[in-house]
Structures are given as structure tokens and as C-alpha cells.
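> compute the structure for the input listed below.
(one chain, ligands or ions: 1)
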Amino acid sequence: MAGFVQQLPRRHQVLLSTVAAATLIVLLLPSEQATASRNTSDPKLAEQQLILGERLEIPVAAKAAVTAQAQHTPALQPSVDTTAAAETVAVSEPVEPAVQWSGYKVKSGDSLARIFERMGYSPQELYKVTQDQQANKYFLKLRPGDTLRFAKDTNDELVQLAYQISPIDTLIVSKIDGSYQSEIDTKEVQVQEAFAYAEISSSFWNAGINAGLTENQIMSIASIFGWDIDFALDLRKGDEFSVIFEKEYVDGEFVGYGKVLAAEFVNQGERYQAILHEDGDYYALDGSAMRKSFLRSPVKFTYISSNFNPRRLHPVTGVVRPHNGTDYVAPVGTPIMSSGAGKVIASAYNNLNGHYVFIQHGERYVTKYLHLSKRLVKRGDKVKQGDIIGRLGSTGRVTGAHLHYEFLVDGVHRNPRNVELPEAESLNAQQLPAFKKIAEQRLAMLENNRRTYLAMN
Ligand SMILES: [Zn+2]
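Numbers count the residues shown, from 1 in each chain. Model (predicted):
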């Protein structure tokens with residue numbers, strides 16, 4: 001079961017080459033550039049091409065300033081914002097044509113000192129370059145495969161050093177009056193919006209992969225709805241979700257995925273919608289926060305071997321969800337999170353519960369975590385939502401490893417998976433009108449794209 005998590009990167013690669021996913025995006029983004037859509041099928045390749053292309057373009061001594069106004073082109077229907085993209089290119093005359101550039105690809109075992117030596121620069125130059133704190137900070141991140149570019153003048157002295165930190169950012173260290181100064185050259189990122197839809201047939205994870213989503217995007221969706229839906233236990237065949245997310249381009253080349261802008265999840269017939277607000281949090285259309293005081297599940301769904309099983313019986317007793325708690329079956333050692341912020345009121349061991357932790361949340365709520373293999377908090381500790389308080393185990397009276405989780409309101413056991421939870425702060429009357437306007441547009445986009453997708457499939 002531990003292997004499940006480790007397999008993720010490989011599945012991720014499978015996703016990236018999924019032709020079907022790329023086709024879908026192309027069809028729904030008619031205005032997208034051909035180069036961009038070509039690369040969506042393999043962002044890794046796109047990245048390489050970008051580096052190659054970028055190497056040719058890097059300003060030698062001529063200082064080329066290219067500014068492209070960040071464009072936000074909602075390529076999806078309906079088009080809500082038709083901000084025109086303005087692009088201005090200003091190129092100044094070369095000042096020192098005698099500068100000569102050469103590149104160095106970092107190998108494993110390299111140090112900056114060795115690289116400087118190989119490139120024919122003196123220890124004094126290395127010393128001076130590393131006097132710049134910012135440059136030093138980034139040089140610590142040098143990894144095999146990274147490329148450094150050196151520019152020397154006619155006296156073979158280092159005048160500029162460029163290190164591409166990411167497709168967007170390049171560290172540039174320049175010699176100015178005998179010492180070196182660094183700056184980060186940041187390229188403009190164009191953002192486009194894309195859509196994905198999936199119906200769950202085997203698992204949430206697989207559905208996400210098949211829809212062309214990345215690992216991070218799948219986790220984002222789970223965390224957006226993680227206060228409403230227990231992704232570990234409550235997903236069913238036929239559940240569906242759709243999502244609008246950002247794709248980022250530099251010079252027309254795909255460089256990565258941005259934020260999830262809006263998402264909808266239908267779980268067992270119940271529809272949840274979330275829209276990103278400018279404060280970085282997600283809200284429902286009425287402005288109520290998706291974030292709640294408690295997570296539905298104290299176990300991340302990725303640790304549960306099967307996200308759902310229509311014939312799931314209680315894993316320990318063979319009965320469907322008996323007694324006062326909920327049981328999560330996952331490998332021993334799985335991290336257990338505090339579902340809400342609070343104070344540890346018990347952290348102990350007995351024959352029945354095994355290692356257990358109880359947490360008090362405000363006046364009314366208590367959560368209990370039983371059968372742990374390890375406790376990571378002690379009585380009196382304060383915990384935040386999502387803090388790891390222990391590890392799943394099989395201590396106490398159990399027949400197999402699992403977490404037994406209880407949720408009490410005013411001392412009464414409640415089902416944590418459908419109990420009404422206190423919300424985080426909702427949007428106020430001032431924030432609401434602007435939010436609603438965007439939210440309605442995004443939800444309409446979701447709906448239109450979902451319909452188009454379903455009509456085509
Ligand atoms: Zn139990």
C-alpha cells in the first residue's frame with residue numbers, strides 16, 4: 001500500500017503524454033497558439049525546448065528588453081474579458097561587442113570552485129562573485145543538469161554570469177565597477193485558462209490522471225473540497241468533477257500550471273462548487289467559505305489504498321460503519337492529522353484504545369484518534385488544523401491496522417462525515433458583489449465547457 005504513493009510520479013508521466021487530454025484542451029482552447037498546444041502533451045519536452053531557445057536569445061552585451069504585458073485571455077467560452085494583448089519590444093544598441101559567452105552544464109560532484117576553474121576563471125573572481133548574497137543563495141541550489149553561462153571580455157575577465165533558475169527566472173550577475181552585483185531577470189508569464197472534467201469510475205486519483213490533471217492539481221481539488229467531502233471514504237463510482245485552471249506560458253511556450261480558479265464536485269448526488277477569491281481562499285457562490293473549522297478526514301486520501309469500494313464493509317468487523325466512530329484503513333505509520341485547531345486533552349495508552357490522542361476544539365467539540373502506532377503530541381499541546389499528531393497503527397483491541405476516529409459535539413458522538421461544521425469567515429457585504437460577478441462567470445464557464453465536453457464524448 002505504501003507503493004501507491006510512490007507510484008504517483010510514474011502515473012504522472014503517463015498523464016503528461018495522454019493524447020486524449022491534450023486533444024481535449026486543444027479543442028476547447030481554439031485561440032491557443034499551435035506551439036503551445038503542441039507542447040501541452042509533454043511539458044518536460046517544452047521545458048527543454050525553452051531552455052534551448054532561450055540560450056540563443058540571451059542578450060550578449062546588447063541589452064534587449066522585451067516586455068509583454070501580462071495577458072489574461074480567457075480562451076474558454078463565454079469570453080468574459082477581452083483585454084487585448086499589447087506587446088512592445090525595445091532593443092538598444094550593443095555596447096561591448098567584444099564579450100564572449102560560453103556555457104557550462106553542471107555535473108554531479110561539481111562545486112562552484114571547480115566550475116570556475118574549468119571555465120578558466122580565477123579564485124579571486126569566484127570570491128568576488130560569491131560576495132553577492134543573492135547570487136550565493138541561488139548558487140546553493142545548483143543541481144546537475146543546470147546550465148551556467150559565462151561572459152568574458154577581451155582580457156578574459158568575467159563580466160557576466162547567467163544562471164537560469166526556472167523557465168521564468170534567470171539570475172544575472174554582472175561586473176560593475178570591479179565588483180559583482182546580481183539581479184533576477186523575470187520573464188512575463190502569459191496565463192490561459194483550461195478546463196478538465198472527469199467522472200470517477202475506479203478512483204478519484206485515476207479519474208484526475210485520465211482527465212489530464214497533474215498530481216498537484218489533483219491534490220488541490222482534494223484540499224478545496226476536503227472540508228465538505230471525505231475523500232478517503234465517501235467517493236463513489238459516478239461522482240464527477242470539473243475544474244478551470246491556469247496554464248502558464250513564456251514566449252508562447254508552456255511552462256507550467258497555475259492556480260485552480262473554480263471547481264465543482266458532485267459527490268453522491270450532492271453538488272459542491274468553489275471559486276477562488278483574490279484573497280487566495282475558495283468560496284461557494286453565496287460567499288460562504290469552503291474552509292471549515294474541521295477537515296472531514298484526518299487521513300489524506302492518498303494513503304487509502306482504494307478511494308472507494310462500492311462493496312466496502314467495515315474493515316475490522318465486516319459490518320458497514322458500526323459504533324461511534326469512523327475507521328480508516330491505511331498502512332501502519334500513515335500520518336494522522338488533527339482535523340481542527342485545538343488543545344490536546346489526552347495522549348496516553350490503554351488496552352482498549354491502544355495509543356490514543358483526544359483533542360478539544362473550543363467549547364463544544366472533541367475529536368479522538370485511536371489505535372495509533374505512535375503519538376506525536378502530549379497533553380496540553382496546542383495543535384493547528386492539519387498538524388500531524390500521530391501515526392496510524394494497530395495498538396489496543398483491534399484485528400488490523402486502522403485509525404478509529406470519533407467526533408463529539410457537546411459530548412455526543414456525531415458522524416464526522418456529515419455533521420454540520422462551523423465555517424471559516426465568509427465574505428462580507430463589501431466583498432460579495434465583486435466576488436459574485438466573477439464567481440458566476442466562472443461557474444458558467446464550467447457549465448458550458450462541461451456540456452461541450454459531454455456532447456463530444
Ligand atoms: Zn473503529
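
> element containing A434?
Assigned by DSSP states H and E, A434 belongs to helix 432-456.

> check the offset of that helix from the chain's centre.
22 Å (CA atoms, centre = their mean, to the nearest Å).

> stretch 143-154 now?
Using CA atoms, centre = their mean, the offset of stretch 143-154 from its chain centre is 31 Å.

> export that stretch as PDB, just CAs?
Only the C-alpha atoms of stretch 143-154 are listed here, as PDB (Å, rounded to 0.1, in the frame of the first residue of the first chain):
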ATOM      1  CA  ARG A 143      21.900  20.900  -9.500                       C
ATOM      2  CA  PRO A 144      23.400  18.600 -12.000                       C
ATOM      3  CA  GLY A 145      21.900  19.400 -15.400                       C
ATOM      4  CA  ASP A 146      21.600  23.100 -14.700                       C
ATOM      5  CA  THR A 147      23.300  25.500 -17.100                       C
ATOM      6  CA  LEU A 148      25.600  28.400 -16.300                       C
ATOM      7  CA  ARG A 149      26.600  30.900 -18.900                       C
ATOM      8  CA  PHE A 150      29.700  33.000 -18.600                       C
ATOM      9  CA  ALA A 151      30.700  36.100 -20.500                       C
ATOM     10  CA  LYS A 152      34.200  37.300 -20.600                       C
ATOM     11  CA  ASP A 153      35.800  40.400 -22.000                       C
ATOM     12  CA  THR A 154      38.900  40.700 -24.200                       C
END
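
> buried sites along it?
Residues D146, L148, R149, F150, A151, K152 are the ones in stretch 143-154 that count as buried (16 or more other CB atoms under 10 Å). For the C-beta atoms, the positions are set from N, CA and C on the backbone; glycine is no exception.

> which SSE is the fourth one in?
Secondary-structure assignment from DSSP H and E places F150 in strand 147-152.

> show me what that strand is in contact with.
51, 55, 58, 60-61, 99-106, 115, 119-121, 142, 158-164 (CB atoms under 8 Å, 6 or more residues apart in numbering).

> who does that strand pair up with?
For strand 147-152, the paired strands and their directions (DSSP bridges) are strand 100-105 (antiparallel), strand 158-164 (antiparallel).

> so which of these gets nearest the ion?
strand 158-164 (52.6 Å; CB to the ion).

> give me the low-pLDDT residue ranges for the stretch 251-400 of the chain?
For the stretch 251-400 of the chain, the stretches with pLDDT under 70 are 305-323.

> tally of neighbours for the closest residue to the ion within it?
Residue nearest to the ion within the stretch 251-400 of the chain: D327 (4.2 Å; CB to the ion). Applying other CB atoms under 10 Å, we find 20 residues neighbouring D327.

> bridge partners for it, pull those for me.
H404.

> so it is in contact with L403, correct?
Yes - between D327 and L403 there is a contact at 6.9 Å, judged by CB atoms under 8 Å.

> what ranges do the strands span in the stretch 151-300 of the chain?
Secondary structure of the stretch 151-300 of the chain by DSSP state E, counting those that start in this stretch: the strands cover 158-164, 169-176, 179-186, 190-199, 240-250, 253-267, 270-276, 282-283.

> which elements pack onto the third one?
The criterion is 3 or more CB pairs under 8 Å, 6 or more residues apart in numbering; DSSP states H and E, and the helices and strands that strand 179-186 contacts are helix 123-129, helix 133-139, strand 169-176.
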